[in-house]
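> Below is the structure, and that's it, no one-letter string:
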């Protein structure tokens, strides 16, 4: 007995989500059929409208309730410091660290020719526009420490430095609480290279 | 930085799904924000309308494209045999086993006072209505081999026997405490073959 067509269609749409294979998608779809009708409609409508409901800050391109976002308009945050990240989710751990009190700039990804993401697909022009208005003394490159993040960081360094803005990169090193024994040799090597006076 | 309100609402709605905690829900919601707008709208609308799109067969209450469903109208299937299951998903392994060629009756769950599911919440009245029309010689009780499924089976035996219909229970060839939905078809097939008088 094949499942009814609308159910099979829903299963196939659900497999577009990350980590959702056909089995999980089927389980989710059947669960939705058993949920109260109003409850599943509420969920579906929230999903359908999410792109319109969540706006992007027109200054930093972080996801936001209001434009400009609360981080951009916070008078307690420094205006002369911009931290560049790939995605809005990257802002969360930086904020949690309590070590940063400047502004942000969300690129919307990292350069990855293999995935078809080129520099012009990222919000690099928007960054240089912000910098050319003046007032920014330092740009911290906090793209991921992956091949794509590194490529993006060196590309950005080449673009930002000619604007006479200091460019820094977040430090490579050992994660707090990590064991030397279980850390990969590249990370250990970088931690040794980046050693500091105590 | 708290996420925007519509995003937090979507995360909370997604946690209604099985095996989706707050972390998974957040990952799914952020992925939806990155998906093409049309793609996420299509998914949301499919979810919102799933209860209306999938109809129930008015005879056996299986999920279906048409009413009555293709199983109920199949002339190759015996009319004098009804297999009673908890949920539509339970029909799949029985069909795969190839050991059954009668009709079905989907109860819509199992008796479970702890979850507030009483006999009157299941389609038991609809089953006795079908039986009282005559022509059915045997009812196979294929509720799950769990405490709730067993309780439902013995309740049904008490209801169906007075109607002078043979009542059988699928055999304990299946592991105790298991769900039909997740059992391999060979085991399900053996359990159907080995059904006994109750």
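Everything's here; your move. Owing to the predicted nature of the structure, the values given are computational and were not obtained by experimental measurement.

> Look up how far residue A:48 lies from the residue sitting nearest the centre point of chain A.
Centre of chain A computed as the mean C-alpha position; nearest residue by Cα atoms, centre = their mean is residue A:87, 1.5 Å away. Applying Cβ to Cβ, to the nearest Å, the value for residue A:87 to residue A:48 is 22 Å. The way it works is simple: take the backbone N, C-alpha and C, and place the C-beta from them, glycine included.

> Could you report the pLDDT at residue A:162?
Residue A:162 carries a pLDDT value of 94.

> wait, is it part of a strand?
No - Residue A:162: not assigned to a strand; according to DSSP: H, G, I helix; E, B strand; the rest coil it is helix.

> So what's the residue count around it?
8 (other Cβ atoms under 10 Å in any protein chain shown).

> circling back to that earlier point, residue contacts, the residue nearest to the centre of chain A?
A:106-109, B:30 (Cβ atoms under 8 Å, 6 or more residues apart in numbering or on different chains).

> can you put these in TSV and add secondary structure and pLDDT?
Formatted as TSV, these follow (DSSP: H, G, I helix; E, B strand; the rest coil; pLDDT from 0 to 100):
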residue	secondary structure	pLDDT
A:106	strand	95
A:107	coil	95
A:108	coil	92
A:109	coil	91
B:30	helix	89
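
> What is the strand or helix carrying residue A:95 packed up against?
Assessed by DSSP states H and E, residue A:95 sits inside helix A:91-97. Other elements packing on helix A:91-97 under the criterion 3 or more Cβ pairs under 8 Å, 6 or more residues apart in numbering or on different chains; DSSP states H and E are strand A:81-85.

> Quick check: the gap between residue A:183 and chain B.
According to Cβ to the nearest Cβ, to the nearest Å, residue A:183 and chain B sit 25 Å apart.

> Please give me every residue in contact with that residue.
A:174-175.

> pLDDT weak spots in chain A?
A:1, A:197 (pLDDT under 70).

> cutoff 80 now
A:1-2, A:174, A:176-183, A:189-191, A:193-198 (pLDDT under 80).

> residue boundaries of the helices in it?
A:5-14, A:22-34, A:37-48, A:50-53, A:70-73, A:91-97, A:124-132, A:147-160, A:185-193 (DSSP state H).

> Make CSV from the ones you listed and add mean neighbour count to it.
Formatted as CSV, the helices of chain A follow (neighbours: other Cβ atoms under 10 Å in any protein chain shown):
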stretch, mean neighbour count
helix A:5-14, 19
helix A:22-34, 18
helix A:37-48, 18
helix A:50-53, 17
helix A:70-73, 16
helix A:91-97, 14
helix A:124-132, 16
helix A:147-160, 18
helix A:185-193, 12
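
> of all these, which lies closest to residue B:165?
Distance to residue B:165, taken as Cβ to Cβ, is lowest for helix A:22-34 among the helices of chain A, at 28.7 Å.

> which outside residues touch the closest one?
For helix A:22-34, the external contacting residues (Cβ under 8 Å, 6+ apart) are A:3, A:7, A:10-12, A:14-15, A:17, A:20, A:40, A:43, B:17-19, B:47, B:50-51, B:54, B:63, B:87-89.

> Stretch A:52-63 too?
Outside stretch A:52-63, the residues that reach it (Cβ under 8 Å, 6+ apart) are A:46, A:64-69, A:71-72, A:88, A:91, A:103-108, A:123, A:126, A:130, B:1, B:3-4, B:6-7, B:33, B:37.

> now with 6 Å?
A:64, A:67-69, A:72, A:88, A:104-106, A:123, B:4, B:6-7 (Cβ atoms under 6 Å, 6 or more residues apart in numbering or on different chains).

> Near chain B, which residues of chain A are found?
Residues of chain A lying close to chain B by Cβ under 6 Å from any Cβ of the partner chain are A:1, A:4-7, A:10, A:13, A:17-18, A:28, A:30-32, A:37, A:40-41, A:43-48, A:50-51, A:53-54, A:63-65, A:89, A:91, A:95.

> Could you report the separation of the residue nearest to residue A:37 when sequence neighbours are not counted from residue A:30?
Sequence neighbours aside, residue B:51 is the residue nearest to residue A:37 in space, at 4.5 Å (criterion: Cβ to Cβ, 6 or more residues apart in numbering or on different chains). Distance, residue B:51 to residue A:30, using Cβ to Cβ: 12 Å.

> Need the overlap of contacts for the two.
Common neighbours of residue B:51 and residue A:30 (Cβ under 6 Å, 6+ apart) do not exist.

> coming back round to it: separation between the residue nearest to the centre of chain A and residue A:123?
For residue A:87, the distance to residue A:123 - Cβ to Cβ - is 11 Å.

> Could you chop chain A up by domain?
Using automatic domain parsing, the domain parsing of chain A gives A:5-53, A:76-197.

> Residue A:75 and residue B:148: what is the separation?
Residue A:75 is 60 Å from residue B:148, by Cβ to Cβ.

> what does residue A:134 give?
In terms of Cβ to Cβ, residue A:134 sits 70 Å off from residue B:148.

> related to what we said a few turns ago, just read off the phi/psi values of the residue nearest to the centre of chain A.
Main-chain torsions, residue A:87, degrees, to the nearest 10: phi -130, psi 160.

> Residue A:48 - nearest residue in space that isn't next to it in sequence?
Excluding its sequence neighbours, the residue lying closest to residue A:48 (Cβ to Cβ, 6+ apart) is residue B:44, at 2.8 Å.

> wait, what's in contact with that neighbour?
The neighbours of residue B:44, taking Cβ under 6 Å, 6+ apart as the test, are A:44, A:47-48.

> same question, residue A:97
Applying Cβ under 6 Å, 6+ apart, we find residue A:97 in contact with no residue.

> do you know how far it is from chain B?
12 Å.

> Can you tell me how far that residue is from residue A:90?
Following Cβ to Cβ, the distance that separates residue A:97 from residue A:90 is 12 Å.
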